[in-house]
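the amino acid sequence is not available; the structure is as follows:
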């Protein structure tokens, strides 16, 4: 599945669609922004060429959502009548799938959850030739410079991953978090994750990557648990590789 929710190049994706709707004039706010001619956009480890240049406003880079849709093979269109931006993912059939095995007792229809190893932060989990360690969770103050960009409040998850399997995997993956607040947990788990890694992209057998993933979120939260699922060829594995407890 193409990763619509993941801002892998470490900047915010802005929505920029022009319309000729007369009513729009009363709601438009003028801003002063700069065209960013130096930034590179990298998707799944590959540099892509855009037909529209990003703009920089308040230290955030914005791209037309139509451009993002094009490079991720996602249909984006504007519906004038409803004043809506319509996003259609044509690759939904490749969506991550988590299956739970059926109970061995035929009379019991309740499915058993997959056995996911749970360890503490700083410990490693190895499965199917993939070894990953979630080392620590670090909270970011508002205004911290992350990878050369002024970030908002949020948190970082430091991790390392080694691939000794027979298949290529990505140095990124899918993170899920258990937080102290259910509403914040839902929002954070559907927020784009950015990465700062010493090797970004494909990890062949014998290769490793180390760094951190970070999420910007304005509210005060506490991360109780981190779950990680590897990704290979833009598809998530069927089940997480492990859970890391912060308490």
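Right, received. Where do you want to start? Small disclaimer: the values here were computed from a predicted structure and weren't measured. Residues are numbered from 1 along each chain as shown.

give me the residues contacting the helix or strand containing residue 56.
Using DSSP states H and E, residue 56 sits in strand 55-57. Here strand 55-57 makes contact (CB atoms under 8 Å, 6 or more residues apart in numbering) with 14, 16, 31, 32, 33, 34, 35, 36, 61, 62. Just so you know, the C-beta spots here come from the backbone N, C-alpha and C atoms, and that holds for glycine as well.

quick one: neighbours of the closest residue to residue 193 other than its chain neighbours, just the number.
Once flanking residues are discounted, residue 193 sits nearest to residue 213: 5.1 Å by CB to CB, 6 or more residues apart in numbering. By the measure other CB atoms under 10 Å, the count of residues near residue 213 is 21.

shaky segments in the chain?
The model of the chain has pLDDT under 70 over residues 1-28, 44-45, 71, 73, 81-82, 89-114, 233-236.

returning to what we had before: now do the buried residues in the strand holding residue 56.
55, 56 (16 or more other CB atoms under 10 Å).

still on that earlier bit, ok, of the contacts of strand 55-57, which one's closest to residue 245?
Of all the contacts of strand 55-57, residue 245 sits closest to residue 61, with 35.5 Å by CB to CB.

which strands border the strand or helix carrying that closest one, and is each parallel or antiparallel?
Following DSSP H and E, one finds residue 61 within strand 60-62. According to DSSP bridges, strand 60-62 forms sheet pairs with strand 55-57 (antiparallel).

could you pull out the helices for the protein?
In the chain, the segments counted as helices under DSSP state H are 65-71, 182-188.

looking at those helices, which is nearest to residue 237?
Across the helices of the chain, residue 237 has its closest neighbour in helix 182-188 (21.2 Å, CB to CB).

list of residues touching the closest one?
Helix 182-188 is contacted from outside by 177, 178, 179, 215, 217, 219, 221, using CB under 8 Å, 6+ apart.

one more time with 10 Å
By CB atoms under 10 Å, 6 or more residues apart in numbering, the surrounding residues in contact with helix 182-188 are 154-155, 175-179, 181, 215-224.

do the same with stretch 145-154
Taking CB under 10 Å, 6+ apart as the rule, stretch 145-154 contacts 9-12, 39, 56, 58-61, 138-144, 156, 188, 191, 194-196, 211-212, 214-221.

okay, now that stretch: how far is its last residue from its first?
12 Å (CA to CA, to the nearest Å).

ok, now how distant is residue 216 from residue 125?
Separation of residue 216 from residue 125 (CB to CB, to the nearest Å): 27 Å.

one step back: just the ones in strands from the contacts of stretch 145-154, please.
Among these, the residues falling in strands (DSSP state E) are 56, 60-61, 138-140, 156, 194-196, 211-212, 214-216.

by neighbours, which of the residues you listed wins?
Sorting the ones in strands among the contacts of stretch 145-154 by how many neighbours each has (other CB under 10 Å) puts residue 194 first, at 24 neighbours.
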